[in-house]
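In: just a sequence and a predicted model for now, questions to come.
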Amino acid sequence: VPTYLEDEHGDVFSRGAYDELRQLLKRLFHTLLSHSLAPATWGSRNTHATRYIQAETYKVFPVLAKCQAHYRLHTLITRMYPDFVRHYLKPATGGVKNEENSDSEPRTKHTMSSKVSLPPAKKSKHARKY
């Protein structure tokens, strides 16, 4: 549980409350997606998406609204939203690239034996024992 998520007494959210918050945000992300309002990145969101997420989250977790510039909610969403995009949004390039049908040449793996081993550029100094 991130330490910036605190209740009204200054205690960090319980694991149960944190899980409930994450589930709520995931449902809200899906709602944005079903209404074609889900942005490709959270930084590119529109005002409607932002206000919707804030309003619905603050109904259930009003303590999150008691911070400057929606810091707690914004930080959590910024951490969660990329995973949602990766799993539920198609890339703007027209879908997931299929490596089997790729027109590009296959990449070769470089092994350590293919690299030339050079001596260290600078020798370390050791104290002589007499």
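Out: Cool, got the structure.
In: okay, CA-based contacts and neighbour counts for the rest of this
Out: Will do.
In: burial measure for the nearest residue to Ile53 once chain neighbours are set aside, as a count.
Out: Nearest residue to Ile53 in three dimensions, chain neighbours excluded: Leu28, at 6.5 Å (Cα to Cα, 6 or more residues apart in numbering). Counted with other Cα atoms under 10 Å, residues neighbouring Leu28 total 19.
In: got it, and Gly43?
Out: Gly43, neighbours per other Cα under 10 Å, totals 9.
In: how near is Tyr52 to Lys90?
Out: Distance of Tyr52 to Lys90, given as Cα to Cα, to the nearest Å: 22 Å.
In: give me phi/psi at Tyr52?
Out: phi -60, psi -50 (degrees, to the nearest 10).
In: quick thing: my sequence starts at 797, can you match it?
Out: Okay, using 797 as the starting number, the last item reads as Tyr848.
In: give me the distance between it and Phe825.
Out: For Tyr848, the distance to Phe825 (Cα to Cα) stands at 10 Å.
In: more crowded one of those two?
Out: Phe825 (22 against 14).
In: tell me the predicted confidence for that one.
Out: We have a pLDDT of 93 for Phe825.
In: now name the helix or strand holding it.
Out: helix 811-830 (DSSP states H and E).
In: what helices and strands are in contact with that helix?
Out: Under the contact definition 3 or more Cα pairs under 8 Å, 6 or more residues apart in numbering; DSSP states H and E, helix 811-830 sits against helix 843-856, helix 867-884.
In: other SSEs contacting the first one?
Out: To tie it back to what came earlier, the one meant is helix 843-856. Using 3+ Cα pairs under 8 Å, 6+ apart: helix 843-856 touches helix 811-830.
In: again with the longest one
Out: Helix 867-884 is packed against helix 811-830, with contacts defined by 3+ Cα pairs under 8 Å, 6+ apart.
In: buried ones in the helix it packs on, by neighbour count?
Out: Within helix 811-830, the residues scored as buried using 16 or more other Cα atoms under 10 Å are Leu817, Leu820, Leu821, Lys822, Leu824, Phe825, His826, Thr827, Leu828.
In: make JSON lines from those residues and add distance to Thr871 to it.
Out: Below are the buried residues of helix 811-830 laid out as JSON lines (distance: Cα to Cα, whole Å):
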{"residue": "Leu817", "distance to Thr871": "13"}
{"residue": "Leu820", "distance to Thr871": "15"}
{"residue": "Leu821", "distance to Thr871": "12"}
{"residue": "Lys822", "distance to Thr871": "15"}
{"residue": "Leu824", "distance to Thr871": "16"}
{"residue": "Phe825", "distance to Thr871": "15"}
{"residue": "His826", "distance to Thr871": "19"}
{"residue": "Thr827", "distance to Thr871": "20"}
{"residue": "Leu828", "distance to Thr871": "18"}
